[in-house]
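> Coordinates for the following, if possible.
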Amino acid sequence: MNYGKAVVCGGGGFIGGHLVEDLLKKGYKHVRVVDVKPKDQWYQVHPQAENIVADMNLKDKASEAVKGMDVVWNLACNMGGMGFIENNKGLCMISVLINTHLLLAAREHGLKRFFYASSACVYNGDKQTSKTTDVYLREEDAYPALPEDGYGWEKLFSERMCRHFREDWKVPTRVARFHNVYGPFGTWEGGREKAPAAICRKVVEAKLTGKHEIEIWGDGNQTRSFMYISDCLNGIHRITDSENFFDPINLGSAEGVTINQLVDIVEDIAGIKLKRNYNLNAPKGVNGRNSDNTLIKKVFGWEPDTKLRDGMEKTYAWIYDQYTAKYGNKRKTA
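Down below sits the predicted model:
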């Protein structure tokens, strides 16, 4: 469905950059992209779009971003991999201002749709203690509430705000709980990267430098499911367009793997075997978190289906090119 005028908040980020490209391909005539980062730090910049640097933590800037638009996709927040969110809880919590101000603006300006990007980090931690690949989280497992400290609490609170703005003021909100989105044009170094990109970078570095070792955070038995970016975009549109489904819904792959298995896949792609050094003191997150796709299959007759091996091949190739363009075949020193 083409809503006409669209704004992507957090559009300078990984998912946002891909979404903007997708909207332009779908024929949106006016796509407004808003991000707090300077444009030279955006992951992708699309000249056909209206590109604005602004802070959605500020109420007036959020209102300006939404004014005149038909639909808003709110992807804006402070986030990163486990190393970032475990060490920046206050910064993650501040993102509640972004969704609050955008919801107020959506109510004020009468938007046709409001999409909020939530996270699997909202799920009750007591349900994620088992180290097996059969720990699949259903939507109802978010309650009783015990989400990831900081980031997860902000996401769960913002989900509730979306619900109550829809119930009380008829703001047409839709909410998806993302499960570990990965792919090209994402963060691959610097501390905010997630496991797929971090492992790709470490394997690339080991291969190019001849130091055939890799550090793995935790014991490698933590389980996760990872969703390729094209599946994420497909799901975003299905959920945004839904006429009769309003509740938060999982958007993730049901292909659960351990971190060790993820390393196996990247080693195989690179054609190398590495000595594994396990850092048991590093942030590792919950033991088991995978997406139960029963509901999304029931509601939409679809689920993310890109095989992890296929998505990781594309991601590894992109990160290899980024690494060699920046460092050549020398080991990164910073």
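> Next, the contact list for the closest residue to residue 30 other than its chain neighbours, please.
Computed as Cβ to Cβ, 6 or more residues apart in numbering, the closest residue to residue 30 that is not its neighbour in sequence is residue 5, at 4.4 Å. (C-beta placed from N, C-alpha, C; glycine too.) By Cβ atoms under 8 Å, 6 or more residues apart in numbering, the residues touching residue 5 are 28, 29, 30, 32, 68, 69, 70, 71.
> give me that answer again for 6 Å
Contact analysis of residue 5 by Cβ atoms under 6 Å, 6 or more residues apart in numbering lists 30, 69, 70.
> for residue 307, same thing?
Going by Cβ under 6 Å, 6+ apart, the list of residues near residue 307 is empty.
> Need the pLDDT of it.
Here the pLDDT value assigned to residue 307 is 97.
> Ramachandran coordinates for it?
When read as degrees, to the nearest 10, the backbone of residue 307 gives phi -70, psi 140.
> Please renumber the chain so that the first residue is 776 from this point on.
Got it, the first residue is 776 from now on, which makes the last one we talked about residue 1082.
> I'd like the distance between it and residue 840.
As judged by Cβ to Cβ, to the nearest Å, residue 1082 and residue 840 stand 37 Å apart.
> so what's residue 1023 closest to, chain neighbours aside?
Closest to residue 1023 by Cβ to Cβ, 6+ apart is residue 950, at 4.2 Å.
> Each with direction, which strands does the helix or strand containing that neighbour pair with?
Following DSSP states H and E, one finds residue 950 within strand 948-953. Under the criterion DSSP bridges, strand 948-953 sits next to strand 888-894 (parallel), strand 1024-1026 (parallel) in its sheet.
> in the last one, what's buried?
Meaning strand 1024-1026. For strand 1024-1026, burial by neighbour count (16 or more other Cβ atoms under 10 Å) applies to 1024, 1025, 1026.
> ditto for stretch 982-1001
For stretch 982-1001, using 16+ other Cβ under 10 Å, the buried residues are 982-983, 989, 991-1001.
> and what of stretch 1082-1098?
1083, 1086, 1087, 1089, 1090, 1091, 1093, 1094, 1095, 1097, 1098.
> any idea which helix or strand carries the fourth one?
Under the criterion of DSSP H and E, residue 1089 resides in helix 1083-1102.
> which outside residues touch that helix?
957-959, 963, 971, 975-976, 979, 1001, 1003, 1030, 1040, 1044.
> Likewise for stretch 903-922?
Outside stretch 903-922, the residues that reach it (Cβ under 6 Å, 6+ apart) are 896-902, 928, 931, 996, 998, 1031, 1061-1065, 1067, 1070.
> From the chain's centroid, how far away is it?
18 Å (Cα atoms, centre = their mean, to the nearest Å).
> Closest to the centroid, which residue in the chain?
What sits nearest the mean C-alpha location of the chain, by Cα atoms, centre = their mean, is residue 956, with 4.7 Å.
> Residue 1081 versus that one, what's the distance?
To residue 1081, residue 956 is 11 Å away according to Cβ to Cβ.
> now do residue 799
Taken as Cβ to Cβ, the span from residue 799 to residue 1081 is 22 Å.
> cool, residue 961 as well?
Taken as Cβ to Cβ, the span from residue 961 to residue 1081 is 15 Å.
> same question, residue 891
For residue 891 relative to residue 1081 (Cβ to Cβ), the value is 23 Å.
> So between the two, which is more surrounded?
Between residue 891 and residue 1081, counting by other Cβ atoms under 10 Å, residue 891 is the more crowded of the two (23 against 20).
> Is the more buried one bridged to anything, and to what?
Counting by DSSP bridges, residue 891 forms beta bridges with residue 849, residue 950.
> unless I'm mixing things up, it is touching residue 935, no?
No: the pair residue 891 / residue 935 is not scored as a contact, 10.7 Å apart, by Cβ atoms under 6 Å.
> Can you list the neighbours in contact with stretch 887-896?
Outside stretch 887-896, the residues that touch it by Cβ under 6 Å, 6+ apart are 778, 845-850, 881, 922-923, 926-927, 930, 934, 937, 946-950, 952-954, 1015, 1023, 1064.
> What's the ChimeraX line that selects buried ones from the contacts of stretch 903-922?
A single ChimeraX command selects the buried members of the contacts of stretch 903-922 (16+ other Cβ under 10 Å):
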select :896,897,898,899,900,902,928,931,996,998,1031,1061,1062,1063,1064,1065,1067,1070
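> What separation is there between residue 869 and residue 925?
From residue 869 to residue 925 the distance is 10 Å (Cβ to Cβ).
> Compare those two and say which is more crowded by neighbours.
Set residue 869 next to residue 925 and count neighbours by other Cβ under 10 Å: residue 925 wins out with 21 against 14.
> So for that one, what pLDDT did the model give?
Model confidence at residue 925 (pLDDT) stands at 90.
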